[in-house]
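> fold the following.
(chains A and B, ligands or ions: 2)
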Amino acid sequence: MEGRGTFAPAPGAAPALRRVAVQAAMELRLQLRNGEQLLLTLAIPTLILVFFSLAPVLGVRDRVAFLLPGVIGLAVMSTAFTGQAIATGFDRRYGVLKRLGATPLGRSGLILGKTTAMLGVEAIQVVVLALVALGLGWRLHGSVAAALLLVLLGTAAFSGLGLLLAGLLRAEATLAAANLVYLVLLVVGGVVFPVSDLPAAVQGPAGLLPITALTDGLRAALGEGGLPTRDLAELAAWAVLGAGLASVTFRWE
Amino acid sequence: MAGTALEVTGLVKRYGARTAVDGISLAAELGTVTAILGPNGAGKTTLVETCEGFRRQDKGRVRVLGLDPRREGRRLRPLIGVMLQQGGIYPAARPREMLRLVAAYYANPLDPEALLRRLGLLEVAGVPCRRLSGGQRQRLALALAIVGRPAMVFLDEPTTGLDPQARQATWELISELRRDGVTVVLTTHYMEEAERLADQVVIIDRGRVVARGTPAELTDAGERRRLEFRARPGLDLAGLLAALPPGHVAREVSPGRYTVEGEIGPEVVAGVATWCAARGILPGELRVESRSLEDVFLELTGRELRP
Ligand SMILES: Nc1ncnc2c1ncn2[C@@H]1O[C@H](COP(=O)(O)OP(=O)(O)O)[C@@H](O)[C@H]1O
Ligand SMILES: [Mg+2]
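Numbers count the residues shown, from 1 in each chain, chains lettered A, B, ... in the order given. Ligands and ions are numbered 1, 2, ... in the order given. From the prediction side, this is the model:
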């Protein structure tokens, strides 16, 4: 790089699509490189699916058909809520949100890139879980379109809530809280055990959680088919609430 | 290269009851290097980050390349390069991919490989950034600031914590940026850095400009000079002064290190040497210094630049 003019100014932004695409690719690589993250997003849902399909501990007739919607819901929550909240907390701590927001990528480009990467991870999760389920004897029923719509609305709801959490707490506290919420919702959200098996006092509140709406909705969509409108409406309400609150509490630095 | 790159007028920034920037005005011409010099807490970062659009001033006007950094940030961002005082790098990313990522945001970026080589980062280009040393991270942040071929760069303490070689390399790079027509605004608390690099030095303390000018203007004190030497501790300074022409001040700044300040002409050097010789003392490291920016700062504020 010797010689005159190496650094001669030639400023300008790359096209927006390219900026967001490289950002999404980077975020996707970083997520797939993060071991703890992969444990939450892929290993745990897959292990739950395999273990509870093979072990006859659940009182349901078609165990794989019951479990697959549950673990897809869990997978969406782990990526859009837990992973998103933790990554956002640490990106802020390390000045990444601030720094990249000040490039031509901008804050909106950064959010778009992160969202695209999140959908990429979810696509990988759903494909892996569906392949494992097929191996366990599951066959596709119902409405794939309705299931996709539920996953998208669930993603919107969970990522709003994840950003809300990251906006309220420090990075370490976000990590702890996001994992705790993951664990609690895993138990009470109809992922493995039907909500109707929970103690009566818990059933009411559990029924209102976004994870329950997502797992119930997916069970309906991949069972008898059709649009589970009640679950979709609940997820939409959570999405509006989460995004609205997150936009107030969010901090870039 | 004519025209104004940066214009700051009457800038005030408060954090609650604390006023971090208290009415600063400054201007920088295109293609020049401006060093903002001041101790920790002087308001350097606040000033620079207001210019970068991160912070909103309470009063005053800021124009960077003719644009308002807050209201015209979208147009400004592609034109400037930013090096934060710290942070801005994904800990799990590798220097090469981090630099390629940021390069891809721009229309005509520098070649990331060449930049890595230039900054001595090639050997660690594939190592996660969390494992880089502070100095390596600092150099990567500098590379990220310039990879988009900006017209103007803001560097917040670009050499703090660097070892002497890395600091030298950074200075050379900044000189080249200037040579190639990039406008540079940097903050520092090393007076040597400001003296070496800057066309204009703005000294700030407690949120105010206390002096400004070229390094020569600030340090040129006419006849005022300083003589330094080493000898055994506890010399009789009153006796020494009696042997010199009137109007000098002698101090033992630390045990065995002496300074004589005032108009240091040849007769003063001779006077010190003769006085020492008469007592069998060899004045070691005897030298005559012009005033440094550090002295200027001390005089203006009564405080050390680096406490
Ligand atoms: N975000 C902030 N909130 C509150 N006080 C701040 C903030 N940033 C800086 N300050 C205060 O403002 C003053 C100037 O800080 P800063 O601009 O960082 O100075 P410098 O960069 O010269 O060290 C300091 O007293 C610092 O404590
Ligand atoms: Mg600072």
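
> how far does the strand or helix carrying residue A:18 sit from the chain's center?
Secondary structure from DSSP states H and E places residue A:18 in helix A:16-33. Here helix A:16-33 is found 16 Å from its chain centre; the criterion is Cα atoms, centre = their mean, to the nearest Å.

> what residues of the very next helix or strand once past that helix count as buried?
Downstream of helix A:16-33, the next assigned helix or strand under DSSP H and E is helix A:35-38. Across helix A:35-38, burial judged by 16 or more other Cβ atoms under 10 Å in any protein chain shown covers A:37, A:38. In short, each C-beta sits where N, CA and C put it, glycine included.

> tabulate the CA atom coordinates of helix A:35-38 in PDB.
The C-alpha trace of helix A:35-38 is given here as PDB (Å, rounded to 0.1, in the frame of the first residue of the first chain):
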ATOM      1  CA  GLY A  35     -21.400 -23.000  21.600                       C
ATOM      2  CA  GLU A  36     -23.700 -22.100  24.500                       C
ATOM      3  CA  GLN A  37     -26.100 -20.600  22.000                       C
ATOM      4  CA  LEU A  38     -26.200 -23.800  19.900                       C
END
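
> close to chain B, is it?
No - if you take Cβ under 8 Å from any Cβ of the partner chain as the test, helix A:35-38 misses chain B, and the best it gets is 10.0 Å.

> same check on stretch A:39-55?
No - judged by Cβ under 8 Å from any Cβ, stretch A:39-55 makes no contact with chain B; its nearest approach is 15.3 Å.

> what do you get for stretch A:83-93?
Yes - Stretch A:83-93 reaches chain B (Cβ under 8 Å from any Cβ) through A:90, A:91.

> flag every residue of the stretch 51-200 of chain A that's near chain B.
A:90-91, A:94-96, A:98-100, A:102-106.

> for these, give me JSON lines that also has neighbour count, pLDDT and secondary structure.
Listed next are these as JSON lines, based on neighbours: other Cβ atoms under 10 Å in any protein chain shown; pLDDT from 0 to 100; DSSP: H, G, I helix; E, B strand; the rest coil:
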{"residue": "A:90", "neighbour count": "19", "pLDDT": "95", "secondary structure": "helix"}
{"residue": "A:91", "neighbour count": "24", "pLDDT": "95", "secondary structure": "helix"}
{"residue": "A:94", "neighbour count": "20", "pLDDT": "96", "secondary structure": "coil"}
{"residue": "A:95", "neighbour count": "18", "pLDDT": "96", "secondary structure": "coil"}
{"residue": "A:96", "neighbour count": "22", "pLDDT": "96", "secondary structure": "helix"}
{"residue": "A:98", "neighbour count": "21", "pLDDT": "95", "secondary structure": "helix"}
{"residue": "A:99", "neighbour count": "26", "pLDDT": "95", "secondary structure": "helix"}
{"residue": "A:100", "neighbour count": "26", "pLDDT": "95", "secondary structure": "helix"}
{"residue": "A:102", "neighbour count": "25", "pLDDT": "90", "secondary structure": "coil"}
{"residue": "A:103", "neighbour count": "26", "pLDDT": "95", "secondary structure": "coil"}
{"residue": "A:104", "neighbour count": "23", "pLDDT": "96", "secondary structure": "coil"}
{"residue": "A:105", "neighbour count": "27", "pLDDT": "94", "secondary structure": "coil"}
{"residue": "A:106", "neighbour count": "21", "pLDDT": "91", "secondary structure": "helix"}
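
> any chance of those residues in CSV, plus distance to ligand 1?
Output for these, formatted as CSV (distance: Cβ to the nearest ligand atom, whole Å):
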residue, distance to ligand 1
A:90, 20
A:91, 18
A:94, 17
A:95, 13
A:96, 18
A:98, 12
A:99, 16
A:100, 19
A:102, 16
A:103, 21
A:104, 25
A:105, 23
A:106, 22
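
> show me where the stretch 151-253 of chain A dips below the pLDDT cut-off.
Judged against pLDDT under 70, the stretch 151-253 of chain A has no low-scoring part.

> recalculate using a threshold of 90.
A:190, A:193-207, A:224-227, A:247-251, A:253 (pLDDT under 90).

> what residues does it put near ligand 2?
For the stretch 151-253 of chain A, the contact set with ligand 2 under Cβ under 5 Å from the ion is empty.

> re earlier: can you tell if the helix holding residue A:18 touches chain B?
Yes - Helix A:16-33 reaches chain B (Cβ under 8 Å from any Cβ) through A:18, A:19, A:22, A:23, A:26, A:29, A:30, A:33.

> just checking, the third one touches residue B:103?
This means residue A:22. No - here residue A:22 does not reach residue B:103: they are 9.0 Å apart, not a contact under Cβ atoms under 8 Å.

> so what sits against both of those two?
Counting by Cβ atoms under 8 Å, 6 or more residues apart in numbering or on different chains, no residue touches both residue A:22 and residue B:103.

> neighbours of residue 119, how many?
Just going to use chain A. 17 (other Cβ atoms under 10 Å in any protein chain shown).

> hmm, no, I was thinking of chain B.
Using other Cβ under 10 Å: residue B:119 sits among 21 other residues.

> just the helices in the stretch 101-250 of chain A please.
Remark: helices assigned in the stretch 101-250 of chain A by DSSP state H, counting those that start in this stretch are A:106-135, A:144-168, A:171-188, A:200-207, A:210-221, A:229-249.

> among those helices, which is the most enclosed?
Mean neighbour count (mean count of other Cβ atoms under 10 Å in any protein chain shown) peaks for helix A:210-221 among these, with a mean of 27.

> and it, what does it pack onto?
helix A:63-77, helix A:144-168, helix A:229-249 (3 or more Cβ pairs under 8 Å, 6 or more residues apart in numbering or on different chains; DSSP states H and E).

> helix, strand, or coil at residue B:61?
The three-state label given to residue B:61 by DSSP: H, G, I helix; E, B strand; the rest coil is strand.
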